[in-house]
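>>> no FASTA, just this:
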């Protein structure tokens, strides 16, 4: 099992290392990655998420609703807790806290979901569907929180708004919905719900773009990291422990509360137990927000998940 986990994590580290090397060697300007960021955030990731959601049958999404409830609640609870700690206890700015929180709360479904789940439950349509639904939950029901906070602080910094967050909410929601990273997967879910099937030609045309999304995002993350000095501090340690241990046990508690058993319970817990995702770091860079803590959590949780994932795989084996 350790080999399977290392095998799944290897591409993450290799591609990030290539980006890190490219930035350090000045092959890529690691101080100005706006063009690469636009490609990832406005084209590659939206294409990948749209393809994943629009091709997921609505009946399958509904069937996966118990798992979706567990995932969403575990992510929301973690998001609220980490954001509170970051802003109130560790006195982080709202922008920094939003990036850190999304990094911790949203697991790396895209890169790790299929290899890990496939090794435990077997590869098949059910496994692929679970991963697709997980990605949809994260992109549609998690990322807008981070985007709204970043948009709010951007507006306040520009002097465009001085009201409360509640008063600004309609504008913030509209600005977030205009982002391809939000409306791409949301459109896919809506089209799936009303039964509209996309032409195979269209899906084939955007498939190469979507397939480049994870690699491009990891490469971009490596380039971003090459311009920083990573430090391990209390915030990073608390966030990493939360991601790898506390959040999966939160999911476990929700599973028990809902009375779930079998593959659904195992899937929900293992998907939440995955290491931190790269969305937070990439989102922050898109808004000019640097979060060394989020970057450190991304790396540290990826390394330590080699130990934490076998733990939860073993604990859930009898469910």
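That came through fine. Quantities reported herein were computed from a predicted structural model and do not represent experimental measurements.
>>> what is the subsequent helix or strand relative to the strand or helix carrying residue 14?
Following DSSP states H and E, one finds residue 14 within helix 2-24. The helix or strand immediately downstream of helix 2-24 is helix 34-39, counting by DSSP H and E.
>>> tell me which other helices or strands that following helix touches.
Here helix 34-39 touches helix 213-226, helix 279-286, going by 3 or more CB pairs under 8 Å, 6 or more residues apart in numbering; DSSP states H and E. Glycine gets a C-beta too; all of them are placed from N, C-alpha and C.
>>> quick check: what element follows that helix along the chain?
Immediately after helix 34-39, counting by DSSP H and E, sits helix 45-54.
>>> low-scoring stretches of the protein, by residue?
Under the criterion pLDDT under 70, the flagged ranges of the chain are 1-2, 4, 123-125, 160-169, 172, 176.
>>> dump the helices and strands packed on helix 34-39 into TSV; add mean neighbour count and distance to residue 101 as well.
Putting the helices and strands packed on helix 34-39 into TSV (neighbours: other CB atoms under 10 Å; distance: least, CB to CB, whole Å) gives the following:
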stretch	mean neighbour count	distance to residue 101
helix 213-226	24	17
helix 279-286	24	7
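>>> please dump those helices into JSON lines; it should also carry distance to residue 188 for every row.
Listed next are the helices and strands packed on helix 34-39 as JSON lines, based on distance: least, CB to CB, whole Å:
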{"stretch": "helix 213-226", "distance to residue 188": "14"}
{"stretch": "helix 279-286", "distance to residue 188": "17"}
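>>> the ones you listed: which one's closest to residue 129?
helix 213-226 (18.6 Å; CB to CB).
>>> now the angle from the closest one to helix 2-24?
60 degrees (axes from the mean of the first three to the mean of the last three CA atoms, to 10 degrees).
>>> distance between the helix holding residue 14 and the chain's centre?
On the basis of CA atoms, centre = their mean, to the nearest Å, helix 2-24 is displaced by 17 Å from the centre of the chain it belongs to.
>>> what is that helix packed up against?
Using 3+ CB pairs under 8 Å, 6+ apart: helix 2-24 touches helix 109-121, helix 213-226, helix 292-315.
>>> need the winner for burial among those.
With neighbours defined as mean count of other CB atoms under 10 Å, the helices and strands packed on helix 2-24 peak in mean count at helix 213-226, which reaches a mean of 24.
>>> which strands or helices does it pack on?
Judged by 3+ CB pairs under 8 Å, 6+ apart, helix 213-226 is in contact with helix 2-24, helix 34-39, helix 45-54, helix 109-121, helix 279-286, helix 292-315.
>>> make CSV out of these and add distance to residue 128.
Formatted as CSV, those follow (distance: least, CB to CB, whole Å):
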stretch, distance to residue 128
helix 2-24, 15
helix 34-39, 26
helix 45-54, 9
helix 109-121, 7
helix 279-286, 21
helix 292-315, 19
